[in-house]
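Asker: this one's structure only:
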């Protein structure tokens, strides 16, 4: 008897490598793994093309479409998480040296007002420093190359927030370097920073201690993306969601185990000096499962994100976790 086929679209991470190499799979399912050159490409294929049975999707993209009948439902699998104090960049000649200096300034954001990284960065600044997004002007565009805002999702924002599109032929990274914008909230590091431009710096240059302190105080490890499953599949095969959850969990655990085992070899499988010291230092701040899936271990983080999304005018209602994720996995 032929096993049912399942197409999964996501990025290749440590958390998903074992799914791509076939060492982990969903029981009784013939899985085909697909990816794309960029994450927005994956999201576009999910939203506009409905190409995958199971896919990675940014939390904000999922929430924006949840009210309009998206044919997917989220499961509490989180392959992409990043602390976000480090994602705020400023022109060094702008006079911005602390969060309060962002008021009245022009700030760029890649692709959409309120990317997952931007939702987190704004939310953290609002909670910790009294930041008010409506007091700044926002410009949306491509990061290192000119690009129109994403056209595969809605673009809600509060009426009082000034949001415009970058001028034709302009990209946000070069605009930051030249001083055409004062700051940039970005999921990716702009090329001018990678090239060592003297005109651009992070708002928080020594971000690691700040992010570690934030994690210790709040228990929050910011989640960027979730995994979604086609609703029709769950209606026809309600057992499938548990198989998908187990497969992604096993792949994530296999990735973590590689780091644990390679401590014996000082993590020499990487080219990063002192990687072993970093892994050991992280062990002081994180429990044994430092990248948890499921609802219980992530409730604080998810509640914060849902609140930020609503407070920033990206949701018309304050979503509850129980409204957002597949009911079959609410007890995870």
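Answerer: Received, thanks. Quick caveat, the model's predicted, so the values are computed rather than measured.
Asker: where does the protein have low pLDDT?
Answerer: 1-3 (pLDDT under 70).
Asker: quick one: the helices in it?
Answerer: In the chain, the helices defined using DSSP state H lie at 17-20, 39-47, 59-66, 116-129, 172-178, 191-194, 207-218, 231-236, 240-262, 275-285, 299-311, 321-324.
Asker: make JSON lines from those and add distance to residue 160 to it.
Answerer: For the C-beta atoms, the positions are set from N, CA and C on the backbone; glycine is no exception. Shown next, in JSON lines, are the helices of the chain (distance: least, CB to CB, whole Å):
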{"stretch": "helix 17-20", "distance to residue 160": "44"}
{"stretch": "helix 39-47", "distance to residue 160": "28"}
{"stretch": "helix 59-66", "distance to residue 160": "19"}
{"stretch": "helix 116-129", "distance to residue 160": "14"}
{"stretch": "helix 172-178", "distance to residue 160": "23"}
{"stretch": "helix 191-194", "distance to residue 160": "31"}
{"stretch": "helix 207-218", "distance to residue 160": "28"}
{"stretch": "helix 231-236", "distance to residue 160": "35"}
{"stretch": "helix 240-262", "distance to residue 160": "40"}
{"stretch": "helix 275-285", "distance to residue 160": "38"}
{"stretch": "helix 299-311", "distance to residue 160": "13"}
{"stretch": "helix 321-324", "distance to residue 160": "27"}
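Asker: gap between residue 247 and residue 74?
Answerer: Computed as CB to CB, to the nearest Å, the residue 247 to residue 74 distance reads 16 Å.
Asker: also residue 246?
Answerer: Per CB to CB, residue 246 is found 17 Å from residue 74.
Asker: comparing the two, which shows the higher neighbour count?
Answerer: residue 74 (22 against 13; other CB atoms under 10 Å).
Asker: mind listing what the closest residue to that one other than its chain neighbours touches?
Answerer: With CB to CB, 6 or more residues apart in numbering as the criterion, residue 74 has its nearest non-adjacent residue at 4.6 Å, and that residue is residue 226. Each residue near residue 226 by CB atoms under 8 Å, 6 or more residues apart in numbering is listed here: 56-57, 59, 62, 74-78.
Asker: can you tell me which of the helices of the chain is nearest to residue 88?
Answerer: Closest approach to residue 88 among those (CB to CB): helix 116-129, 5.6 Å.
Asker: mind giving me the packing neighbours of that closest one?
Answerer: If you count contacts as 3 or more CB pairs under 8 Å, 6 or more residues apart in numbering; DSSP states H and E, helix 116-129 packs onto helix 59-66, strand 183-185, helix 299-311.
Asker: rewinding a little: buried ones among the contacts of residue 226?
Answerer: Buried by 16 or more other CB atoms under 10 Å: 56-57, 59, 62, 74-78, out of the contacts of residue 226.
Asker: quick one, domains of this protein?
Answerer: With domains defined by automatic domain parsing, the chain comprises 5-80+223-258+289-319, 85-218.
Asker: just to revisit the earlier point, of the buried ones among the contacts of residue 226, which is the nearest to residue 144?
Answerer: Nearest to residue 144 among those is residue 56, at 22.6 Å by CB to CB.
Asker: who's in contact with the closest one?
Answerer: For residue 56, the contacting residues are 9-11, 39, 42-43, 46, 79-80, 225-228, by CB under 8 Å, 6+ apart.
Asker: tell me how far it lies from residue 232.
Answerer: Distance of residue 56 to residue 232, computed by CB to CB: 19 Å.
Asker: same check, this time on residue 90
Answerer: 46 Å.
Asker: higher neighbour count, those two?
Answerer: For residue 90 and residue 232, the more surrounded residue by other CB under 10 Å is residue 90, and the numbers stand at 24 against 11.
Asker: can you pull the contacts of that one?
Answerer: Counting by CB under 8 Å, 6+ apart, residue 90 makes contact with 96, 176, 182-184, 200-203.
Asker: tally of neighbours for the closest residue to residue 110 other than its chain neighbours?
Answerer: Nearest non-adjacent residue to residue 110, counting by CB to CB, 6+ apart: residue 143, 4.7 Å away. Residue 143 has 22 neighbours, counted by other CB under 10 Å.
Asker: please report how far residue 143 lies from residue 185.
Answerer: According to CB to CB, residue 143 and residue 185 sit 11 Å apart.
Asker: mutual contacts of the two, please.
Answerer: Common neighbours of residue 143 and residue 185 (criterion: CB under 8 Å, 6+ apart): residue 110.
Asker: report the buried residues of stretch 203-222.
Answerer: For stretch 203-222, the neighbour count (16+ other CB under 10 Å) marks 203-204, 207, 210-212, 214, 220-222 as buried.
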